[in-house]
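*Asks:* here is my input, please return the structure:
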Amino acid sequence: MSKKVDIVYPKNEIICKSLLGFSHMMIILLFLIPLYALAQTDTLEVACDTTAFGTQYELKQITSNGTIVALGHRDVKGRKTGRWCHLRHEDALRMEGEYRKDIRVGVWWMNNREFFEYDRKGKIVAKGSGMRGNNSIPF
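*Replies:* Numbers count the residues shown, from 1 in each chain. Next up is the predicted model:
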């Protein structure tokens, strides 16, 4: 005949196991919070009526220190559409092109000298260099 045996843990062992579980949970949280913070962006999108580089834009994206990083348009669903201009001030880079439903399409120019051609799925199909428009416009 088998007897039922209850396993009884001493109180200090129960406390140790619960503290161990709590410490594991805290370690996981301490690693996840910085990762979440890295995933956050510090840009703000502001409605405007601006003409820049010969094109009219209705939105501008601004960083927390007031630097404009992009100009463009969005549709009613919030997707990037139409002409966009992305600016990187640290290396004086300007990329201009067109979006359709958040996908880059057509020819995108980089500083009016190099271009990338995208298909309707957003894949690069050609790359080249040349001169576009008025290069006397300073960045």
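*Asks:* thinking I62 is in contact with L71, fair?
*Replies:* No: taking Cβ atoms under 8 Å as the definition, I62 is not a contact partner of L71, at 10.3 Å. For glycine as for every other residue, the C-beta is placed from the backbone atoms N, C-alpha and C.
*Asks:* who's more crowded, the two?
*Replies:* Applying other Cβ atoms under 10 Å to I62 and L71 shows that L71 carries more neighbours, namely 23 against 16.
*Asks:* in contact with that one, which residues are there?
*Replies:* Counting by Cβ atoms under 8 Å, 6 or more residues apart in numbering, L71 touches 50, 52, 55, 57, 59-61, 84-85, 87.
*Asks:* chain neighbours aside, what residue packs nearest to it?
*Replies:* Excluding its sequence neighbours, the residue lying closest to L71 (Cβ to Cβ, 6 or more residues apart in numbering) is Y57, at 4.0 Å.
*Asks:* tell me if the one you found really is in a strand.
*Replies:* Yes: the assignment for Y57 is a strand, going by DSSP: H, G, I helix; E, B strand; the rest coil.
*Asks:* follow-up on the earlier one: restricted to strands, list the contacts of L71.
*Replies:* Members of the contacts of L71 lying in strands (criterion: DSSP state E): 50, 52, 55, 57, 59-61, 84-85, 87.
*Asks:* look up how far T43 lies from N65.
*Replies:* Taking Cβ to Cβ, to the nearest Å as the measure, N65 and T43 are separated by 11 Å.
*Asks:* who touches stretch 83-97?
*Replies:* By Cβ under 8 Å, 6+ apart, the residues outside stretch 83-97 that reach it are 52-53, 55, 57, 67-73, 98-99, 104-112, 116, 118, 139.
*Asks:* and stretch 111-131, which residues are buried?
*Replies:* For stretch 111-131, the neighbour count (16 or more other Cβ atoms under 10 Å) marks 112, 115-118 as buried.
*Asks:* beta partners of the residue nearest to L71?
*Replies:* Beta-bridge pairing for Y57 (DSSP bridges): T50.
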